[in-house]
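Student: okay, structure incoming, though there's no sequence with it:
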């Protein structure tokens, strides 16, 4: 709340200076009062649009969507109100103040989120969690939460079915399903996650919720749906029973047309802006080692159609013939070949991969419609040939220059995790998610994590 008020103050000061930039006069005195009211108005719009709900803060895109909705609502209110009341406002002031205030809120929330995520990676600001479920499911969600610590959930222990004691995968077992309240007290936990299991029917889960409510312990019920975000789910009561309704993902229609326009316009703008960099990198590749400047490779796109992907060449021209001799040094898995110190990479290629500059020619793929700015990783035909049935779902959308896999570790991710992230993107795509991934890509590239 304090950051949003500061954002409103900054926007008000800058808008007044940009529009007027002169000493206080009887004319601009009114706008000085409006500038003082802007932070309060922005704060109120955010509150009305429920941008302060605790469950939405610091993770996911819903928080940013509500900030954008608040900014649009405030702009529309000012526009309609000034027209209805015949109040003549300086358009330049309004067009600077409101968008700037919204943008400042987004940037400050993004910065505070990143600061919190860094603290959580250090083991700070975490909530202690008791996981309730069967052994394999408990181990799986514990590994995921420990890998993605930015969620702020630290598994302190588990409750399993009867006849299972001791510990599993370094997770202390505090008891059975009937001993959850005691486990919470012993572990000093403040959150309980109940996984999908037949033992916890509606009546038993309700009794547990009542018991945890008395101790002010949060209850989270994990859905058995895989990687379906809340935007696609709604609770619809039927005769007192809460039914979870799942909407279809947006794989076609008007929203896809908007994405296509956004991709092509964005690629064209980026090509113009990056033209000097493209020329500089091309010259560096040419001078570093003999061979073509561009590397062309067949990849699989939407609906399984093959296309040529373009990259700056980062390997020597005999790289493919040397691959068989290096197979035993593979640091990934049977599907992908990845090696941190690959001797086939040129000197310039190491820097290009470190900064992801080798992927800039893919902007022409985006401009041509075979790729998207954001999407699943473009797979090789031999990878697709080994896909299980579920993994083929990622071919329902165009592959992207960046995606959840890019901002979550790149080459450090196991193949199965990369596929899971791609499927999560397919199931929950939105333009807001694309914008967030593009912003996170900048930080991922600067860190260089997993780039080899």
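Tutor: Sure, I can see it. Worth saying up front: this structure is predicted, and the values here are computed from it rather than measured.

Student: any idea how far residue 345 lies from residue 291?
Tutor: 13 Å (C-beta to C-beta, to the nearest Å). For the C-beta atoms, the positions are set from N, CA and C on the backbone; glycine is no exception.

Student: tell me how the protein divides into domains.
Tutor: 2-121, 127-222, 254-447 (automatic domain parsing).

Student: which of those sits closest to residue 247?
Tutor: domain 254-447 (10.5 Å; C-beta to C-beta).

Student: now for the longest helix belonging to the chain, which elements pack on it?
Tutor: What stands out as the longest helix in the chain, according to DSSP state H, is helix 91-121. When contacts are defined as 3 or more C-beta pairs under 8 Å, 6 or more residues apart in numbering; DSSP states H and E, helix 91-121 sits against helix 2-19, helix 26-48, helix 62-84.

Student: elements contacting the second one?
Tutor: What it means is helix 26-48. Secondary-structure packing of helix 26-48 (3+ C-beta pairs under 8 Å, 6+ apart): helix 2-19, helix 62-84, helix 91-121.

Student: quick one: the strands in the chain?
Tutor: In the chain, the strands defined using DSSP state E lie at 127-132, 153-159, 167-168, 171-175, 191-194, 218-221, 233-238, 241-246, 294-300, 306-312, 372-374, 400-402.

Student: helix 91-121 and the second one, what's the angle between them?
Tutor: Here strand 153-159 runs at 40 degrees with respect to helix 91-121, directions being taken by axes from the mean of the first three to the mean of the last three C-alpha atoms, to 10 degrees.

Student: direction included, what does strand 153-159 pair up with?
Tutor: strand 127-132 (parallel), strand 171-175 (parallel) (DSSP bridges).

Student: buried sites along it?
Tutor: 153-159 (16 or more other C-beta atoms under 10 Å).

Student: list the contacts for the spatially closest residue to residue 65 that is not a sequence neighbour?
Tutor: Distances taken as C-beta to C-beta, 6 or more residues apart in numbering place residue 432 nearest to residue 65, at 5.2 Å, with adjacent residues excluded. By C-beta atoms under 8 Å, 6 or more residues apart in numbering, the contact set of residue 432 is 61, 64-65, 68.

Student: could you rerun that using 7 Å?
Tutor: Counting by C-beta atoms under 7 Å, 6 or more residues apart in numbering, residue 432 makes contact with 61, 64-65.

Student: for the residue lying closest to residue 36 once chain neighbours are set aside, give its distance to residue 94.
Tutor: In space, residue 36 comes closest to residue 12 once its chain neighbours are excluded; the distance is 7.1 Å by C-beta to C-beta, 6+ apart. As judged by C-beta to C-beta, residue 12 and residue 94 stand 12 Å apart.

Student: which of these two has more neighbours?
Tutor: Neighbour comparison, residue 12 and residue 94: the larger count goes to residue 12, with 25 against 18 (by other C-beta atoms under 10 Å).

Student: is it true that that one touches residue 97?
Tutor: Yes - the criterion here is C-beta atoms under 7 Å, and residue 12 meets it with residue 97 at 6.3 Å.

Student: are there residues contacting both of those two? Which ones?
Tutor: residue 38.

Student: what's the spacing between residue 157 and residue 170?
Tutor: Taking C-beta to C-beta, one finds residue 157 at 11 Å from residue 170.

Student: now residue 38: closest residue in space that isn't a chain neighbour?
Tutor: The nearest residue in space to residue 38 (C-beta to C-beta, 6+ apart) is residue 12, at 4.2 Å.

Student: if you could redo that for residue 384, that was the one I meant.
Tutor: Residue 384 sits nearest to residue 300 (C-beta to C-beta, 6+ apart), 4.8 Å away.

Student: I'd assumed residue 370 was in contact with that neighbour.
Tutor: No - look at residue 300 against residue 370 with C-beta under 7 Å: they stay out of range, at 10.5 Å.

Student: buried set for the longest helix of the chain?
Tutor: Under 16+ other C-beta under 10 Å, the buried positions of helix 91-121 are 93-94, 96-98, 100-102, 104-106, 108-110, 113, 116-117, 120.

Student: gap between it and the chain center?
Tutor: Taking C-alpha atoms, centre = their mean, to the nearest Å, one finds helix 91-121 lying 17 Å from the centre of the chain it belongs to.

Student: what's the answer for stretch 156-171, then?
Tutor: 32 Å.

Student: residue ranges with poor pLDDT in the stretch 101-250 of the chain?
Tutor: 164-166, 224-232, 239-240 (pLDDT under 70).

Student: give the bridge partners for the closest residue to residue 361 other than its chain neighbours, please.
Tutor: Of all residues not flanking residue 361 in the chain, residue 310 sits nearest, at 3.9 Å (C-beta to C-beta, 6+ apart). With DSSP bridges as the criterion, residue 310 is bridged to residue 296.

Student: surely residue 162 touches residue 176?
Tutor: Yes - between residue 162 and residue 176 there is a contact under C-beta under 7 Å: 5.0 Å.

Student: more neighbours, the two?
Tutor: Each of residue 162 and residue 176 has its neighbours counted (other C-beta under 10 Å); residue 176 has more, 17 against 10.

Student: ok, now which ones touch that one?
Tutor: Counting by C-beta under 7 Å, 6+ apart, residue 176 has contacts 159-162.

Student: can you check residue 82 too?
Tutor: Contacts of residue 82 (C-beta under 7 Å, 6+ apart): residue 89.

Student: kindly recompute the last result at 10 Å.
Tutor: 88-89, 91, 94 (C-beta atoms under 10 Å, 6 or more residues apart in numbering).

Student: okay, it: pLDDT?
Tutor: Note on residue 82: pLDDT of 81.

Student: state the distance from it to residue 48.
Tutor: Taking C-beta to C-beta, one finds residue 82 at 19 Å from residue 48.

Student: before we move on, what about residue 155?
Tutor: Using C-beta to C-beta, residue 155 is found at 37 Å from residue 48.

Student: ok, residue 116 next?
Tutor: Applying C-beta to C-beta to residue 116 and residue 48 gives a distance of 25 Å.

Student: hmm, back to that, OK, contacts around the residue nearest to residue 38?
Tutor: 31-32, 34-39, 41-42, 93, 96-97, 100-101.

Student: for stretch 351-369, give the mean pLDDT please.
Tutor: pLDDT averaged over stretch 351-369 gives 91.

Student: what sits against residue 216?
Tutor: For residue 216, the contact set (C-beta under 10 Å, 6+ apart) comprises residue 190.
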